[in-house]
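A.B. asks: Provide a 3D model corresponding to the input given below.
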Amino acid sequence: MERRRIYLMRHGETLYQRVANEGAIGNGALTERGREQIATAALLFRAVRLDRIYSSPLSRSHETARIIADETGLEVSLEPDLAEITPSEELTASQDLTDIFRAVQRFFTSPTTGWDEPYLGGESFRQVRERTERFLRGVLAQADWRTLLAVAHGGSNNALLASVLGITDGRVFNIEQDFGCINIIDFVDDQPMLRLANFTLYDQLKVKLWDHSLDIILNLLHERGVIQKDRLP
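C.D. replies: Numbers count the residues shown, from 1 in each chain. Alright, predicted model coming up:
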């Protein structure tokens, strides 16, 4: 009986900003608090014998993965299939950030968002599920690892977890993924079992984590004068 494990993480706290080559709402770096969240989690991985580390190519995830890689001595492999759900660059390039985040907030939090609805004119959740499932199939087809870490995003993590749980319709984005969270997916003869979901070492019982992570970001951006919160829903 073959047993393998994937640790699936979300990147640490970040501020979504316009960045070259990362679309209209990419980001350049983790916040100071985001780096602290991941540095705390990285200490856990000192005790884990990881064989590989994969990351979304977006810099917020890549930076997260590098912090953990520094503790383990491994290199980070960039995996495009782990990238966040992608909006249309044409549609978002001409809008200000307040209007963009109004649309983002509705898409990620509305109970009526459907599997085939384009995200700001771009990908659908179903399409993201298909590519994260492709990532899973690809790594499971390789026999030279037992434990790996994959660092991605709130949306792509939801899609990958939907694939693992066999979910193909219904609500989308209803598995909270707090910043810096850790999920554990075990495979017994390549059959998946979700062992842990949305664990945050920096607040293990979620005592201070009541808000949706998107609301946390909106509050930070409003405090910095980047968006006008009174124009959001």
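
A.B. asks: Which parts of the chain are helices?
C.D. replies: 32-45, 59-72, 89-93, 97-109, 125-140, 154-165, 213-223 (DSSP state H).

A.B. asks: low-confidence ranges in this structure?
C.D. replies: Across the chain, the ranges flagged by pLDDT under 70 are 16-28, 91-92, 94, 229-233.

A.B. asks: so who does the spatially most central residue of it touch?
C.D. replies: Centroid check for the chain by Cα atoms, centre = their mean gives His153 as the closest residue, at 1.1 Å. Taking Cβ atoms under 8 Å, 6 or more residues apart in numbering as the criterion, His153 is in contact with Arg10, His11, Ser56, Leu58, Arg60, Ser61, Leu82, Ala83, Glu84, Ile85, Gln177. C-betas here are computed from N, CA, C, even on glycine.

A.B. asks: what do you get if the cut-off is 6 Å, keeping everything else the same?
C.D. replies: Contacts for His153 were tallied using Cβ atoms under 6 Å, 6 or more residues apart in numbering; they are Glu84.

A.B. asks: For Asp178, give its distance to Arg52.
C.D. replies: Remark: distance between Asp178 and Arg52 (Cβ to Cβ, to the nearest Å) = 24 Å.

A.B. asks: Of those two, which one has the most company?
C.D. replies: Using other Cβ atoms under 10 Å as the criterion, Asp178 and Arg52 rank with Asp178 on top: 21 against 18.

A.B. asks: Look up the closest residue to the more buried one, ignoring the ones flanking it.
C.D. replies: Nearest residue to Asp178 in three dimensions, chain neighbours excluded: Thr200, at 5.1 Å (Cβ to Cβ, 6 or more residues apart in numbering).

A.B. asks: right, and the one you found touches Cys181 too?
C.D. replies: Yes: taking Cβ atoms under 6 Å as the definition, Thr200 is a contact partner of Cys181 at 5.2 Å.

A.B. asks: between those two, which one's more packed in?
C.D. replies: Of the pair Thr200 and Cys181, Cys181 is the one with more neighbours under other Cβ under 10 Å, namely 25 against 20.

A.B. asks: show me the contacts for the closest residue to that one other than its chain neighbours.
C.D. replies: Sequence neighbours aside, Asn198 is the residue nearest to Cys181 in space, at 4.6 Å (criterion: Cβ to Cβ, 6+ apart). Under the criterion of Cβ under 6 Å, 6+ apart, the neighbours of Asn198 are Glu176, Gln177, Asp178, Cys181.

A.B. asks: So Asn198 versus Gly225, what's the distance?
C.D. replies: Applying Cβ to Cβ, the value for Asn198 to Gly225 is 31 Å.

A.B. asks: what's the answer for Thr168, then?
C.D. replies: From Thr168 to Gly225 the distance is 42 Å (Cβ to Cβ).

A.B. asks: And these two? Which one has more around it.
C.D. replies: Neighbour count, other Cβ under 10 Å: between Thr168 and Gly225, Thr168 has more, with 10 against 7.
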